[in-house]
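>>> my questions concern the predicted model and sequence given below.
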Amino acid sequence: MGISFRYWDDCVDHLDMEALWMIPDVSTEWTNAGETRGQKVHLSRDPDGQKYLTQNEMRAVAEITVRRYFSSKVDPDMICAIAELESDRQILVSRYNKKTKDTTLGIMQILPKTAEWLNSEQGYLAYKVIGNEEALYRPFVNVYFAAAYLKWLSNFEEKERSEEFVVRAYRGGTKKATHKSTLPYWKRYLSVKETFTSRKAFDCGALMSDPSFLVAPAAPDTGATYTYWDSRASPEDMEDMWNHPDVVKEWTKSGEKRGKVRFSHDAAKKPYLSRGEVRAVAEIILLRHFASRKVKPTVLCALAEVASMRFVDGVGERTGLMGVDFPTALWLHNELGNKAYKVESADDLHRPFVSMYFGAAYLAWLSEYEGRERTPQFVVQAYLGGPENVNLQETGPLWHKFEEALSNYGDVKRDNGSCSIL
């Protein structure tokens with residue numbers, strides 16, 4: 001793919017930029033990040049260098065698009081939640097489906113042929129995509145055709161459709177709207193959408209702009225306080241951490257004291273675990289609760305790397321250290337009897353030991369999915385992308401990311417071209 005954007009101005013026109021500057025949350029966020037009206041505005045970048053929209057920017061694009069073209073007949077929150085699930089708000093992402101031979105593009109993961117059909121046969125002519133599929137990498141264009149498709153699905157076969165039908169059909173097509181394969185996606189959607197309102201209350205200014213990931217200079221540090229291990233772990237968990245030889249060496253060297261141990265923090269004061277801490281939490285959880293299951297601590301460590309980059313509060317749609325969402329954790333707790341830790345709200349999953357526990361429980365369940373012993377490739381792909389999306393005919397980017405993460409813990413062993421992890 002030859003297309004690349006560095007600035008917002010590279011992928012929107014001047015009227016779109018004016019509209020974005022008129023949104024108070026966006027203008028505040030951009031100003032706090034050092035952007036200036038009338039000059040080019042930098043796109044945010046994640047730690048891998050991928051361009052993405054902040055949640056404020058995503059909501060603004062959705063609301064502007066709906067207001068301009070759809071007379072409020074499409075829910076902006078639905079658009080935002082789907083963007084979280086489909087692309088983690090990355091604007092240049094593409095995904096190839098080997099089964100269908102199709103590639104979806106952009107922030108809402110639209111099929112070019114769907115956009116062309118909406119363009120040519122359904123009268124959605126605000127943007128031209130026929131013969132110009134790269135236009136779908138532009139946020140306003142992509143959201144426009146996604147909203148058009150959502151509107152079409154809401155009245156599929158001239159029947160008023162439920163939100164569940166629309167969301168599941170968006171993911172799997174109208175034939176899969178009631179199929180079990182799209183049910184996990186619907187549950188994840190509900191979890192994301194449920195927290196979206198609460199996120200709006202907190203994700204503003206420097207928090208939303210995530211200054212460490214911006215190209216533009218971050219706003220000066222205003223004295224944000226540290227997050228402490230002791231506020232996110234029980235006394236028993238902290239005692240086990242202090243008794244871990246690698247952890248006590250690391251904490252002592254950095255001057256930590258019992259009762260007030262700081263997490264490591266990035267430039268934006270976002271707390272994360274060191275690799276030594278992640279390994280220790282994994283070893284403690286497995287020894288306590290999963291000693292009979294042959295799961296290596298390094299497997300959980302690598303999954304934490306891929307799912308959350310070791311951030312305590314997770315990244316994007318993925319909640320907490322292990323990226324296990326609240327509905328899944330609640331199901332593991334209530335239905336499968338994994339009750340060593342309580343999970344009463346999504347906030348509980350922002351505690352490293354709780355997230356690691358439910359991550360291990362989910363991994364153990366996937367290893368015998370549908371009553372069959374599963375391969376490492378299946379388990380990893382199912383953990384990161386959902387069991388309904390596993391394609392064992394190709395290893396895919398999730399498996400490659402996992403292998404790379406596993407190598408950070410010195411535990412990659414190959415047998416006949418595959419990685420042995422369980």
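Cool, the structure landed. None of these values were measured; they are calculated from a predicted model.
>>> which of the residues in stretch 159-168 are buried?
If you call a residue buried by 16 or more other C-beta atoms under 10 Å, then stretch 159-168 has these buried ones: 161, 165-168. C-beta here means a position set from N, CA and C on the backbone, and glycine is covered the same way.
>>> pLDDT weak spots in the stretch 251-400 of the chain?
Within the stretch 251-400 of the chain, the stretches with pLDDT under 70 are 392-396.
>>> and the helices in it?
275-289, 297-308, 326-334, 352-366, 376-385, 396-407 (DSSP state H, counting those that start in this stretch).
>>> closest to Met58 out of those helices?
Judged by C-beta to C-beta, the one of the helices of the stretch 251-400 of the chain that comes nearest to Met58 is helix 297-308, at 19.6 Å.
>>> angle of the closest one against helix 376-385?
Put simply, helix 297-308 runs at 40 degrees to helix 376-385, going by axes from the mean of the first three to the mean of the last three C-alpha atoms, to 10 degrees.
>>> any idea how far helix 297-308 is from the chain center?
Mean-position distance between helix 297-308 and its chain equals 15 Å (C-alpha atoms, centre = their mean, to the nearest Å).
>>> try stretch 143-155
Between the centre of stretch 143-155 and the centre of its chain there are 23 Å (C-alpha atoms, centre = their mean).
>>> what of stretch 157-171?
Centre-to-centre, stretch 157-171 and its host chain are 23 Å apart (C-alpha atoms, centre = their mean).
>>> kindly report the same for stretch 242-255.
31 Å.
>>> may I have it as PDB, with CA atoms only?
Listed next in PDB are the C-alpha coordinates belonging to stretch 242-255 (Å, rounded to 0.1, in the frame of the first residue of the first chain):
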ATOM      1  CA  TRP A 242       7.700  -8.900  47.100                       C
ATOM      2  CA  ASN A 243       8.600 -12.600  47.600                       C
ATOM      3  CA  HIS A 244       9.400 -13.000  43.900                       C
ATOM      4  CA  PRO A 245      13.200 -12.700  43.500                       C
ATOM      5  CA  ASP A 246      13.300 -10.900  40.200                       C
ATOM      6  CA  VAL A 247      10.600  -8.400  41.300                       C
ATOM      7  CA  VAL A 248      12.200  -7.600  44.700                       C
ATOM      8  CA  LYS A 249      15.500  -7.000  42.900                       C
ATOM      9  CA  GLU A 250      13.800  -4.700  40.400                       C
ATOM     10  CA  TRP A 251      11.800  -2.800  43.000                       C
ATOM     11  CA  THR A 252      14.600  -2.400  45.400                       C
ATOM     12  CA  LYS A 253      16.900  -1.100  42.700                       C
ATOM     13  CA  SER A 254      14.300   1.600  41.700                       C
ATOM     14  CA  GLY A 255      13.800   2.600  45.300                       C
END
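>>> and for that stretch, what are the contacting residues?
Stretch 242-255 has contacts (C-beta atoms under 8 Å, 6 or more residues apart in numbering) with 241, 258, 261-262, 274, 276-277, 279-280, 283-284.
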